[in-house]
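>>> got a predicted model here, sequence first, then my questions.
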Amino acid sequence: MVIWKQFMEYHQRIDPYYGTVEGGHLLFGEYIKERMGRDDSLVLVALDGSSTIGYCLCYIQNRPPIFTESQVGVLSDLAVGEEHRGSGAGGALLKAAIVWLQDNGIKRVELRTSAMNDPAIDFYRRHGFWVYDHMMTREI
């Protein structure tokens, strides 16, 4: 969970909206375990020897029945430890996730990243992603 904590701390520095509850890493661990037991989800781990240096979570999501494409792949999380960024681990995790989605008949993968996370935006653009939609928010 060290990588998840780094991932969340980074996002919290960008925007306090990403604040987590006490013990959030334990809750996330339970969420990952639940996802691992599902046929519509994939959890990948990048290793350097026996050390975990990154992880990826993706899943298949059903779309409303009005669309011709009934399902879409969702890249929920992709994180690589700070000391291993630029090593190719993130690209390898992304490629493996895309292959799994393709093998499951998925033709499109979507993800969300903070508009203020320039390194992630650059990473995804280098891997063929583009902005097709704008999510907007406001405090109420």
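Happy to help now that I have it.
>>> stretch 123-131 - what's its average pLDDT?
Average pLDDT, stretch 123-131: 96.
>>> alpha carbons of it, in CSV - could you do that?
Coordinates of the C-alpha atoms in stretch 123-131 are reproduced here as CSV (Å, rounded to 0.1, in the frame of the first residue of the first chain):
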residue,chain,number,x,y,z
PHE,A,123,2.1,10.0,-20.0
TYR,A,124,-1.4,9.1,-21.4
ARG,A,125,-0.9,11.3,-24.5
ARG,A,126,2.3,9.5,-25.2
HIS,A,127,0.3,6.3,-25.1
GLY,A,128,-2.3,7.4,-27.5
PHE,A,129,-5.0,8.9,-25.3
TRP,A,130,-6.7,12.2,-26.1
VAL,A,131,-9.3,14.4,-24.3
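>>> run through who's touching that stretch.
Stretch 123-131 has contacts (C-beta atoms under 8 Å, 6 or more residues apart in numbering) with 90-91, 94, 111, 113. Where C-beta positions appear, they are placed from N, C-alpha and C, glycine not excepted.
>>> could you redo the last one with a cut-off of 10 Å?
75, 78, 80, 85-86, 90-91, 94-95, 98, 109-111, 113, 115, 117, 121 (C-beta atoms under 10 Å, 6 or more residues apart in numbering).
>>> quick check: buried residues in the helix ranked longest in the chain?
For the chain, the longest helix by residue count, based on DSSP state H, is helix 89-103. The neighbour-count check on helix 89-103 (16 or more other C-beta atoms under 10 Å) flags 89-90, 93-94, 97-98, 100-101 as buried.
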